[in-house]
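Asker: need a structure here:
(chains A and B)
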Amino acid sequence: MSAAHDEHGHHHREPESVLSLRVRALESLLVEKKLVSSEAVDRLVSAYEQDIGPHHGAKVVARAWVDPAYRARLLADGTAAIEELGFGGVDLQVVENTPGVHNLVVCTLCSCYPHALIGLPPVWYKSFEYRSRAVREPRVVLREFGVDLPASTEIRIWDSSAELRYLVLPERPAGTERLSEAELAKLVTRDSMIGVAVAQPPAAAAR
Amino acid sequence: MNGIHDMGGMHGFGRVEREENEPVFHAPWEGRVLGITRACGVQGIFNIDESRHAIERMAPVDYLGSSYYERWLDRNVRLLVEKGVITREELERRMAQLAGGTDPATPHSDPKLLDRMLRVTKERTPYRQPGPPPRFALGDRVLTRHDAPVGHTRLPRYARGKPGAIARVHGTFIFPDTNAHGRGEQPHALYSVRFDAAGLWGESAEPRAPVHIDLWERYLEPAAPARSTS
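Answerer: I've put the predicted structure just below:
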């Protein structure tokens, strides 16, 4: 992050107070023109803050870990497979990590992300640093995230350039054979579904 | 367009910095911008491709100097002005009125709008549309077009004029290059194209790091068949 950015990765041309005022003014104008309802905006914000998040994607991953037939359906048609669990809003492609293959998702042109399934993207995913470098030096980027893969591992980068969204199916951690599907879901992090982390067994996940 | 947004492969941006326990929104206005954008989208005031292109049209220095939701705000104002929904003067006046403690707008309730905004997070997306059958099949070798169009495109600069292989045939999707410019949806085949890292970056590429990009058929040409040496 450059010195021109604040602690949130933002470089504001205008003070927050002016930005906030401009947004309030825009909302007020559109409410007046009956194109926006403030209540509807409240509810959408609350849906992203309270409901939609990585725990939805984690349920999908955990189901794929315990149910090979579901895993096959998820890889063949992600959109239909997540609908089985009551999720939607995304035309989904699921890419599977296997021994020797690790997948990494980025959107170099904007910040496409499967937000209907795993929530809104973190600032780093939308950052110029990630967008510029993930395709060019994925191993270096992954090491910055603490993921050091063997040179023999193929890293498949998925640049989300169309109206499809990518979700990584991480490898099920070793030593989790006795965990329930709900316990497994707790091991699935947002970052592991983007591909900048691997799913960890419970002891490591709790650290 | 050769825009600043097209930053795949650029050097010089530094480490990817993460924020622990990051909130969904860093300020309330960010959530309002998201909601306003969604309301405009579901009512067809602008489509997703016009929306992306509006951000790409920011001056590069402004693009780089803005946060994600600042770019969204800039985009919303830009498109609403261009479409004749608001004027910049109107917005300035409303800012002054609000700063003075007066909001002239009467609240507007619209349960149907709310329902449409929330359904976007649950229903199938509308971008797959019927189109002509695909010209390429799995495994076909292709070459991306080498072109620098002034308008919107989803073929990243780093992948122009590059050899790749069809890794998946996705179906037919609305074409951003025309849909962003009011020239129709023109749905046609979309593919996942696999590019070897060395083909994209040359000898300084990281080993075993292929990049897959979702590309429309009009970005692709058949790779020239290998010339017979007999």
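
Asker: from here on, contacts and neighbour counts on C-alpha atoms
Answerer: OK.

Asker: quick one: low-confidence ranges for the chain?
Answerer: Since you didn't name a chain, this refers to chain A. Within chain A, the segments meeting pLDDT under 70 span A:1-13, A:204-207.

Asker: Actually, chain B is the one I wanted.
Answerer: Within chain B, the ranges that satisfy pLDDT under 70 run B:226-230.

Asker: rerun at 50
Answerer: Within chain B, the segments meeting pLDDT under 50 span B:230.

Asker: show me the residues around residue B:16 that make contact.
Answerer: When contacts are counted by Cα atoms under 8 Å, 6 or more residues apart in numbering or on different chains, residue B:16 is found next to A:1, A:124, A:127, A:129-130, A:141, A:144.

Asker: Columns distance to chain B and secondary structure on top of the residues you listed, output as CSV?
Answerer: Shown next, in CSV, are these (distance: Cα to the nearest Cα, whole Å; DSSP: H, G, I helix; E, B strand; the rest coil):
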residue, distance to chain B, secondary structure
A:1, 6, coil
A:124, 6, helix
A:127, 8, coil
A:129, 5, helix
A:130, 6, helix
A:141, 7, helix
A:144, 7, helix
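
Asker: Would you point out the most distant pair within these?
Answerer: Farthest-apart pair in those is A:127 and A:144; separation 14.4 Å (Cα to Cα).

Asker: Looking at those two, which one has more neighbours?
Answerer: residue A:127 (22 against 15; other Cα atoms under 10 Å in any protein chain shown).

Asker: Phi first, then psi, for that one.
Answerer: Phi and psi for residue A:127, reported as degrees, to the nearest 10, are phi -80, psi 150.

Asker: thinking again about what came up before, just the buried ones among the contacts of residue B:16, please.
Answerer: Among the contacts of residue B:16, those buried by neighbour count (16 or more other Cα atoms under 10 Å in any protein chain shown) are A:1, A:124, A:127, A:129-130, A:141.

Asker: how near is residue A:92 to residue A:189?
Answerer: Using Cα to Cα, to the nearest Å, residue A:92 is found at 18 Å from residue A:189.

Asker: ignore the last one, residue A:84
Answerer: As judged by Cα to Cα, residue A:84 and residue A:189 stand 21 Å apart.

Asker: now the helices: where do they sit in chain B?
Answerer: Using DSSP state H, the helices of chain B run over residues B:28-42, B:48-56, B:60-65, B:68-82, B:88-99, B:111-119, B:176-179, B:197-201.

Asker: Between residue A:84 and residue A:189, tell me which one has more neighbours.
Answerer: The neighbour count for residue A:84 versus residue A:189, taken as other Cα under 10 Å, is higher for residue A:189 (21 against 12).

Asker: mind listing what residue A:129 touches?
Answerer: The neighbourhood of residue A:129, defined by Cα under 8 Å, 6+ apart, consists of A:1, B:13-16.

Asker: residue contacts, the residue lying closest to residue B:192 once chain neighbours are set aside?
Answerer: Closest residue to residue B:192 apart from its sequence neighbours, by Cα to Cα, 6 or more residues apart in numbering or on different chains: residue B:214 at 4.4 Å. When contacts are counted by Cα under 8 Å, 6+ apart, residue B:214 touches A:159-162, B:190-193.

Asker: Repeat that for residue A:198.
Answerer: Contacts of residue A:198 by Cα under 8 Å, 6+ apart are A:147, A:170-171, A:191-192.

Asker: Any quick ChimeraX command for the buried ones out of those?
Answerer: To isolate the buried subset of the contacts of residue A:198 in ChimeraX, counting by 16+ other Cα under 10 Å, use the following:
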select /A:170,171,191,192
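
Asker: From the contacts of residue A:198, pick the one nearest chain B.
Answerer: Distances from chain B to the contacts of residue A:198, taken as Cα to the nearest Cα, are shortest for residue A:191 (11.1 Å).

Asker: So which elements touch the strand or helix carrying the closest one?
Answerer: Assessed by DSSP states H and E, residue A:191 sits inside helix A:190-194. Helix A:190-194 sits against helix A:54-66, strand A:101-106, strand A:165-169, with contacts defined as 3 or more Cα pairs under 8 Å, 6 or more residues apart in numbering or on different chains; DSSP states H and E.

Asker: List the pairing partners of the last one within its sheet, with orientation.
Answerer: Strand A:165-169 sits in its sheet next to strand A:92-96 (parallel), going by DSSP bridges.

Asker: got the angle for the lengthiest strand in chain B vs strand A:92-96?
Answerer: With DSSP state E setting the assignment, residue counts place strand B:163-173 as the longest strand in chain B. Interaxial angle of strand B:163-173 relative to strand A:92-96 (axes from the mean of the first three to the mean of the last three Cα atoms, to 10 degrees): 140 degrees.

Asker: Distance from the chain centre to strand B:163-173, please.
Answerer: A distance of 18 Å separates the centroid of the chain from that of strand B:163-173, by Cα atoms, centre = their mean, to the nearest Å.

Asker: helices and strands around it, which ones?
Answerer: If contacts are counted by 3+ Cα pairs under 8 Å, 6+ apart, strand B:163-173 sits against strand B:141-144, strand B:188-195.
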